[in-house]
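Undergrad: below are the sequence and a predicted model for it; my questions follow.
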Amino acid sequence: MVAVTADVAAQLLSRRASNDRETVGMFLAGLRRSLAHEAITDELYDDLEAVLGEHAHPAPHETAEIAGRFRKATTTLVEIVPHLVQPYPVNEMRHLIYLSAEHPGPDSAHSHVRRLALAILALLDLMGDDAA
């Protein structure tokens, strides 16, 4: 986050703004990319790789930590997906929210975190270039 002084804010707000469709569209696309970039971090991709990658065998304590981070990512996705994906992916979001609410026992934790990772990956796929 960047702090802006009152003088700088006054200068920025006093400038003339364009409201033509092309400029507004470019501005909105930039905001969407920024929103996705803030929410979809490299750490999320690292966690997806740790769970779904070719050599993925996280230890039980890692599985629990990753599940917690996936639940946090779910909260963020619930907030940003309506702004990034049209039409709204109702089934994919419902599936992710239900999985995120589950807290399975140790015997089911690994398969649960894999299903959660796949649900997140499905949404990232729908977000396309904005998620990259």
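TA: Ah, there it is. Residues are numbered from 1 along each chain as shown.

Undergrad: next, the buried residues of the longest helix anywhere in the chain.
TA: Ranked by number of residues, the top helix in the chain under DSSP state H is helix 60-84. Buried residues in helix 60-84, counted by 16 or more other CB atoms under 10 Å: Thr63, Ile66, Ala67, Phe70, Ala73, Thr74, Leu77, Ile80, Val81, Leu84. Yep, even glycine has a C-beta here, placed from its N, CA and C like the rest.

Undergrad: what about the helices in this structure?
TA: 6-14, 21-39, 42-52, 60-84, 90-101, 109-127.

Undergrad: got any ranges where this structure has weak pLDDT?
TA: 1-4, 9, 12, 17-18, 129-132 (pLDDT under 70).

Undergrad: again, only this time at 50
TA: Scanning the chain for pLDDT under 50 picks out no residues.

Undergrad: what is the nearest of the buried residues of helix 60-84 to Val8?
TA: Closest approach to Val8 among the buried residues of helix 60-84 (CB to CB): Ile80, at 27.7 Å.

Undergrad: ok, that closest one touching His37?
TA: No: using CB atoms under 8 Å, Ile80 makes no contact with His37, being 10.5 Å away.

Undergrad: mind listing what the closest residue to Glu79 other than its chain neighbours touches?
TA: Using CB to CB, 6 or more residues apart in numbering and skipping the chain neighbours, the partner closest in space to Glu79 is Ala39 (7.7 Å). By CB atoms under 8 Å, 6 or more residues apart in numbering, the contact set of Ala39 is Ala73, Thr76, Leu77, Glu79, Ile80.

Undergrad: nearest to His103 among the residues you listed?
TA: Nearest member of these to His103, counting by CB to CB, is Ala73, at 16.1 Å.

Undergrad: name the nearest residue to the closest one, sequence neighbours excluded.
TA: Nearest non-adjacent residue to Ala73 (CB to CB, 6+ apart): Leu44, at 5.5 Å.

Undergrad: what sits against the one you found?
TA: Contacts of Leu44 were listed using CB under 8 Å, 6+ apart, and they are Arg69, Ala73, Ile120.

Undergrad: state the distance from the second one to Val113.
TA: In this structure, Ala73 and Val113 are 12 Å apart, going by CB to CB, to the nearest Å.
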